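Enquirer: Predicted model follows, preceded by the sequence.
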Amino acid sequence: MGGGREDELAERLGCGLFINTSTSVSTRPDVVNIGAIFSFNSSIGKVSKVAIESAIEDVNSNPEVLVGTKLKLSMQDTKLSSGFLGIVEALRLMENYTVAILGPQYSVMAHVISHIANELHVPLLSYAATDPTLNSLQFPYFVQTTQSDLFQMAAVAKIVAYYEWQDVIAIYIDDDHGRNGVAALGDKLAEKRCKISYKVPMSPDLTHNDITNALVKVALMESRIIILHIYDTWGLEVLDVARNMQIMGSGYVWIATDWLSTILDTDSSLSLSKLDSIQGVLTLRMHTSDSDIKKSFVSRWRNLTAAGDTDNGLVGLNSYGLYAYDTVWLLAHALDTFFEQGKNISFSNDSCLNEFHGGKLRFDAMSIFEGGKQLRDNILQVNMSGVTGPIKFTPDGNLIHPSYEVINVIGTGYRTIGYWSNSSGLSVVPPEKLNAQPNGSISIQPSLYGVIWPGQTTQKPRGWVFSSNGRQLRVGVPIHVSYSEFVSRIEGSDTFGGYCIDVYNAAKDMLPYPEFDAVVGDITITTNRTKIVDFTQPYIESGLVVVAPVLKLNSSAWAFLRPFTPTMWCVTGISFLLVGAVIWILERRTNDEFRGPSRKQFVTIVWIESS
């Protein structure tokens with residue numbers, strides 16, 4: 001490394017010390033460069049920008065963390081969820097010898113940037129990218145510092161099973177975030193013996209017409225349980241179009257993932273038209289316990305946003321803002337441990353990038369963070385308490401104690417109707433209280449408070465209707481019947497009535513799913529018929545009997561001889577003699593009893609047969 005390169009490296013590190021490619025003179029630099037990549041104008045970005053800046057200030061002013069070393073933050077606005085822009089912004093941060101990056105915000109971008117992080121050994125700590133596949137071994141330097149969609153979809157599946165619905169329709173953005181989230185939903189529903197009966201993928205660059213065309217197909221489906229896994233930028237418009245198409249009325253169920261609760265928490269001034277579009281919708285919110293440290297941060301929030309830190313005035317604090325704040329502290333603790341281990345902030349050239357020398361992107365200016373692996377390991381081993389609660393990672397890289405609030409949108413606000421946690425399932429009691437019980441929460445029965453569903457009804461929707469574009473149900477009814485009270489054609493019409501028809505209709509109305517073809521009536525169960533159809537259990541006694549005349553005879557002691565006709569006597573006698581002859585032929589050569597006079601042999605045969 002030349003002298004100019006070394007001076008530039010020292011200047012960018014902000015410590016004024018000479019650092020070579022393998023070691024550094026000081027293990028506690030004055031400044032450590034970190035980066036942040038997110039969309040400043042999104043619901044999550046507005047909040048996380050304030051939260052991250054506040055956390056940086058709190059860390060740098062706390063003498064017990066990093067012991068004098070300051071965090072220097074560089075933030076990049078990706079504006080959109082474009083993977084290409086994410087790459088460009090990430091490369092800019094890598095030129096500044098960044099040791100870690102907070103973000104990216106979008107899962108699509110995280111998939112792309114993770115390859116850069118793998119190459120340069122720079123940990124990515126994302127508080128907003130919730131794609132469950134990002135925890136795979138393919139991305140060792142990606143750390144999900146928020147709750148994975150794997151658990152959110154488990155909560156959705158539990159809600160579906162709790163209300164005894166069988167089929168759902170999934171509407172989602174057709175990118176890594178949407179596809180992988182819905183894939184996790186399908187797996188979790190299968191565990192509950194439910195399924196996604198219809199998938200509605202939408203383009204990431206969808207238009208109003210795309211939404212309308214997709215919802216037209218939804219309206220023709222049998223299922224009325226709709227899961228909406230989409231970005232907040234389009235979510236409210238999808239619900240608004242659904243309301244205008246009258247597919248948010250009575251009988252429908254809409255379950256939105258946590259994008260909706262994020263909007264409700266961030267923007268408290270939604271218009272009445274937008275509020276009308278989300279009435280009766282269920283949504284989820286990442287649950288964080290009400291600790292003292294959280295209450296303190298929440299009380300500061302209004303002052304933080306009112307102090308001019310945001311360009312759009314006051315914004316509400318959502319769950320992602322809490323996780324963004326904790327992510328900074330998580331990184332600070334990991335760096336503190338890194339320095340206590342005697343490790344140095346040092347970089348080395350990446351030989352793979354030498355051929356890209358020159359150019360505006362300056363690929364050759366990017367270097368490998370030699371302590372990246374150790375810092376990543378330290379991050380995964382942090383055990384601390386933050387505003388979101390206990391922060392610790394499981395061996396598979398997920399945060400411990402994942403839990404969600406189940407929210408019902410009502411009027412101009414919303415109501416929490418229960419909680420879901422990975423340990424206790426659905427409950428009206430917060431998970432932290434259940435976990436604090438000595439005997440745990442194993443015996444807790446799933447429960448939720450009452451819901452006001454779309455259409456302003458409190459009655460649980462059945463969850464399905466007969467499809468208007470499907471094959472009609474054909475039910476066979478025998479015309480020639482023995483008992484018209486059971487089933488018969490109504491005179492002057494093509495309809496049928498009777499006891500069997502009434503039972504069938506009652507059973508049909510109680511079923512939680514559409515039927516297949518069936519036959520109703522007093523039909524005899526035969527062996528041949530059971531090979532091609534299934535019969536229900538008979539629900540009435542058979543009325544068919546066999547009537548035959550019986551001659552009255554006088555009973556006597558010799559009544560047992562009545563079945564013995566002359567023909568039967570003759571057959572019995574012949575059989576007696578035939579069997580005796582066979583015995584005589586087989587025994588006379590070896591048995592002395594069958595020898596002598598013919599009369600003696602005959603008596604012996606009779607005696608043996610009679611005995």
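Expert: Received the coordinates, thanks. Numbers count the residues shown, from 1 in each chain.
Enquirer: Strands along the stretch 101-250 of the chain, start to end?
Expert: Applying DSSP state E, counting those that start in this stretch to the stretch 101-250 of the chain gives strands spanning 124-126, 142-144, 167-173, 195-202, 225-229.
Enquirer: Scan the helices and strands of the chain for the one with the lowest mean pLDDT.
Expert: Among the helical and strand segments of the chain, the one scoring lowest on mean pLDDT, DSSP states H and E is helix 3-13, with a mean of 46.
Enquirer: which stretch of helix or strand covers residue 45?
Expert: helix 43-60 (DSSP states H and E).
Enquirer: What is that helix packed up against?
Expert: Applying 3 or more CB pairs under 8 Å, 6 or more residues apart in numbering; DSSP states H and E, we find helix 43-60 packed against strand 31-38, strand 70-77, helix 259-266, helix 292-304, helix 319-340. The C-beta positions use only the backbone N, C-alpha and C, and glycine is treated the same way.
Enquirer: before we move on, back to that, with respect to burial, which of the strands of the stretch 101-250 of the chain scores highest?
Expert: Most buried of the strands of the stretch 101-250 of the chain, by mean neighbour count (mean count of other CB atoms under 10 Å): strand 124-126, with a mean of 27.
Enquirer: Partner strands of it, with direction?
Expert: strand 100-102 (parallel), strand 142-144 (parallel) (DSSP bridges).
Enquirer: distance of residue 604 from residue 572?
Expert: To residue 572, residue 604 is 20 Å away according to CB to CB, to the nearest Å.
Enquirer: Those two: which is more packed in?
Expert: Shown here are residue 604 and residue 572; by other CB atoms under 10 Å, residue 604 has more neighbours (20 against 10).
Enquirer: and that one, helix, strand or coil?
Expert: Here residue 604 is recorded as helix under DSSP: H, G, I helix; E, B strand; the rest coil.
Enquirer: my read: it touches residue 592, true?
Expert: No - in this structure, residue 604 is not within contact of residue 592 by CB atoms under 8 Å, at 10.3 Å.
Enquirer: Helices of the stretch 501-611 of the chain, residue ranges please.
Expert: 527-530, 566-587, 598-610 (DSSP state H, counting those that start in this stretch).
Enquirer: elements contacting the last one?
Expert: Spelled out, that is helix 598-610. helix 566-587.
Enquirer: Which strands and helices lie in contact with the helix it packs on?
Expert: Looks like helix 566-587 contacts helix 598-610 (3+ CB pairs under 8 Å, 6+ apart).
Enquirer: List the buried residues for the helix it packs on?
Expert: Across helix 598-610, burial judged by 16 or more other CB atoms under 10 Å covers 601, 604-605, 608.
Enquirer: Just give me how far that helix sits from the chain centre.
Expert: 88 Å (CA atoms, centre = their mean, to the nearest Å).
Enquirer: ok, back up a step: right, and the helices and strands packed on helix 43-60 - which one's nearest residue 567?
Expert: helix 259-266 (91.4 Å; CB to CB).
Enquirer: isn't residue 145 right up against residue 128?
Expert: No - with contact defined as CB under 8 Å, residue 145 does not count as touching residue 128 (9.1 Å).
Enquirer: between the two, what contacts are shared?
Expert: Counting by CB atoms under 8 Å, 6 or more residues apart in numbering, the residues touching both residue 145 and residue 128 are residue 323.
Enquirer: Point out where the stretch 351-500 of the chain drops to low pLDDT.
Expert: 352-365, 438-443, 467-473, 481 (pLDDT under 70).
Enquirer: where exactly do the helices run in it?
Expert: Going by DSSP H, counting those that start in this stretch, the stretch 351-500 of the chain shows helices at 372-380, 431-435, 499-510.
Enquirer: Can you add mean neighbour count and give those helices back as CSV?
Expert: Shown next, in CSV, are the helices of the stretch 351-500 of the chain (neighbours: other CB atoms under 10 Å):
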stretch, mean neighbour count
helix 372-380, 19
helix 431-435, 18
helix 499-510, 14
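Enquirer: want to try a markdown table for these, with distance to residue 306 as columns?
Expert: Output for those, formatted as a markdown table (distance: least, CB to CB, whole Å):
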| stretch | distance to residue 306 |
| --- | --- |
| helix 372-380 | 33 |
| helix 431-435 | 31 |
| helix 499-510 | 56 |
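Enquirer: Looking at these, which is nearest to residue 215?
Expert: Of all the helices of the stretch 351-500 of the chain, helix 499-510 comes closest under CB to CB, at 27.6 Å.
Enquirer: CA atoms of that closest one as PDB?
Expert: C-alpha atoms of helix 499-510 as PDB (Å, rounded to 0.1, in the frame of the first residue of the first chain):
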ATOM      1  CA  TYR A 499     -87.000 -35.100   5.000                       C
ATOM      2  CA  CYS A 500     -83.800 -36.100   3.200                       C
ATOM      3  CA  ILE A 501     -83.700 -32.800   1.300                       C
ATOM      4  CA  ASP A 502     -84.100 -30.800   4.500                       C
ATOM      5  CA  VAL A 503     -81.300 -32.700   6.200                       C
ATOM      6  CA  TYR A 504     -79.100 -32.100   3.200                       C
ATOM      7  CA  ASN A 505     -79.700 -28.400   3.100                       C
ATOM      8  CA  ALA A 506     -79.100 -28.000   6.800                       C
ATOM      9  CA  ALA A 507     -75.800 -29.900   6.600                       C
ATOM     10  CA  LYS A 508     -74.800 -27.800   3.600                       C
ATOM     11  CA  ASP A 509     -75.400 -24.600   5.400                       C
ATOM     12  CA  MET A 510     -73.200 -25.700   8.300                       C
END
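Enquirer: Show me the contact partners of it.
Expert: So helix 499-510 is contacted by 475, 477, 485-487, 515, 518, 520-522, 539-540 (CB under 8 Å, 6+ apart).
Enquirer: One more: stretch 106-116?
Expert: 37, 39, 78, 81-83, 85-87, 90-91, 94, 101, 103-104, 122, 124, 126, 128-131, 134, 138-139, 141-142, 175-177, 180, 204.
Enquirer: Which among those residues count as buried?
Expert: Buried among the contacts of stretch 106-116 by 16+ other CB under 10 Å: 37, 39, 78, 81-83, 85-87, 90-91, 94, 101, 103-104, 122, 124, 126, 128-131, 134, 139, 141-142, 175-177, 180, 204.
Enquirer: thinking again about what came up before, make CSV out of the strands paired with strand 124-126 and add distance to residue 231 and mean pLDDT.
Expert: Listed next are these as CSV, based on distance: least, CB to CB, whole Å; pLDDT from 0 to 100:
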stretch, distance to residue 231, mean pLDDT
strand 100-102, 20, 97
strand 142-144, 18, 97
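Enquirer: got CSV for these, with distance to residue 167 too?
Expert: Formatted as CSV, the strands paired with strand 124-126 follow (distance: least, CB to CB, whole Å):
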stretch, distance to residue 167
strand 100-102, 40
strand 142-144, 30
